[in-house]
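Peer 1: One predicted model, sequence on top.
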Amino acid sequence: MHRFPWSRAAAVCVLSHPLVLWSVDSNSFIRHLPKAELHLHLEGTVTPETLVELSARHDSTPLHPAQAQALFQYTDFSGFLLAFKAITEQLRSADDYELVTWRMAQRLADQGVVHAEVYVSVGVVYYWRRCEFEPLFLGMERARLRAESELGLSILWIFDAVRHFGPREAARVFRKAAELRPQFPSVIGIGIGGDERRTGAEPFRNLYMEARDAGLRLTAHAGETIGPEGIWGALNIGAERLGHALSAIQDPELMGVLAERQVPLEICISSNLRTGCCLLPQEHPVRRYFDAGLMITLNSDDPALFLSNLEDEYRLAQESFGFTQEHLRELASNSIEASFLPPERKVEILRRLESLE
Ligand code: HPA
Ligand code: ZN
């Protein structure tokens, strides 16, 4: 796994430096920025400790902490997907989904996150676990409602299909989202994750149109492990918001289109470095995207698997990519504008954001 110059050890060094006051102020500024997470997988928030707890609920020989830790070790993107699958396999009941949703919500609120749009891998539940999703969803909903009333945190769900399981499996995921949406307006949209190297966006075109007609918002992981063609493909099937879009930098024409249309990009820097999709921090295009006027947001993707969280991503942008506090305010503002929240709530949060000293 990649080692980082901005590891926690490096952060501790800052404490003995004259810049310490600036750093503390800066942390406080980031903490208090009202911000949204738009690219966060519920399963990727499950820590090894919670995994041990879940296993104790279900397994006759429960996972040992060292075994849980071992599940989180991976060296490349394919290994990461296997770790993600292993975690999802431990989520078996509505109570499990309620527990992990509540813990996720607490951690988000602790970081000053006021709104989250959370991917849930319904595709994995159907394909690998072969069980109904709706009973599990009720557990997520219980925790969502509690988060809203006790933490003031709003959550919307995005049902994620696994692209390399193919369109037939994705259809089950998207149609379940469409079926649940009238009763549960928190089901806001759909997306495709998984391995782009095996399946592009085009096979999902009709399903995306059908989902749009059902009132669902459209997202897609795109250009994470493959080139700009993956991003063109996602735009061509109507995706409104793109996850990663790491390879857009290779295509000037695409950069122009993304800037002109202000397509929101869900940028996940630590994720890209830890999966090896981006080999070196200095090669990450986040700053070049910002300078080219693209509509970027910062996100943590799978915080438990990438040993990061949203605050860390903002700090990383500041310390390693030269974003100023005003830039960070703009990124937080982008996260609210690019969300699928109703306009009144966007305006309310944006006002708070602008008045933060
Ligand atoms: N990319 C693809 N598949 C995923 C991801 C991701 O960032 N996170 C969880 N499944
Ligand atoms: Zn993702």
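Peer 2: Okay, I see it. What you see is a predicted model; the values in this text were computed from it and never measured. Ligands and ions are numbered 1, 2, ... in the order given.

Peer 1: Distance check, the single nearest residue of the chain relative to ligand 1 against Phe165.
Peer 2: Per Cβ to the nearest ligand atom, Gly193 is where the chain lies closest to ligand 1, at 3.4 Å. C-betas here are computed from N, CA, C, even on glycine. When Cβ to Cβ, to the nearest Å is the yardstick, Gly193 and Phe165 sit 10 Å from each other.

Peer 1: for Asn27, same thing?
Peer 2: From Asn27 across to Phe165, the span is 41 Å (Cβ to Cβ).

Peer 1: When these two are compared, which one has more neighbours?
Peer 2: More neighbours surround Phe165 than the other of Asn27 and Phe165, with 21 against 15 (other Cβ atoms under 10 Å).

Peer 1: wait, that one sits on Gly194?
Peer 2: Yes - proximity of Phe165 to Gly194 meets the contact threshold set by Cβ atoms under 8 Å, at 7.1 Å.

Peer 1: any residues in contact with both of the two?
Peer 2: Shared contacts of Phe165 and Gly194, defined by Cβ atoms under 8 Å, 6 or more residues apart in numbering, comprise Gly123.

Peer 1: which residues touch stretch 344-351?
Peer 2: Taking contacts as Cβ under 8 Å, 6+ apart, the residues outside stretch 344-351 that touch it are Pro34, Ala36, Val114, His115, Ser154, Ser333, Ile336, Glu337, Ser339, Leu341.

Peer 1: Which elements pack onto the one helix or strand Phe84 maps to?
Peer 2: Following DSSP states H and E, one finds Phe84 within helix 77-89. Contacts of helix 77-89 with other secondary structure elements, assessed using 3 or more Cβ pairs under 8 Å, 6 or more residues apart in numbering; DSSP states H and E, are made with helix 65-71, helix 122-124, helix 303-306.

Peer 1: now that we're looking at the residue of the chain closest to ligand 1, which residues does it contact?
Peer 2: With contact set as Cβ under 8 Å, 6+ apart, Gly193 has these partners: His41, Tyr119, Ser121, Gly123, Asp160, Ala161, Val162, Arg163, His221, Gly243.

Peer 1: Leaving out chain neighbours, which residue sits closest to the last one?
Peer 2: It refers to Gly243. Taking Cβ to Cβ, 6 or more residues apart in numbering, and ignoring the residues beside it in sequence, Gly243 has His221 as its nearest neighbour in space, at 4.0 Å.

Peer 1: sec struct for that neighbour, please.
Peer 2: Taken by DSSP: H, G, I helix; E, B strand; the rest coil, the conformation at His221 corresponds to strand.
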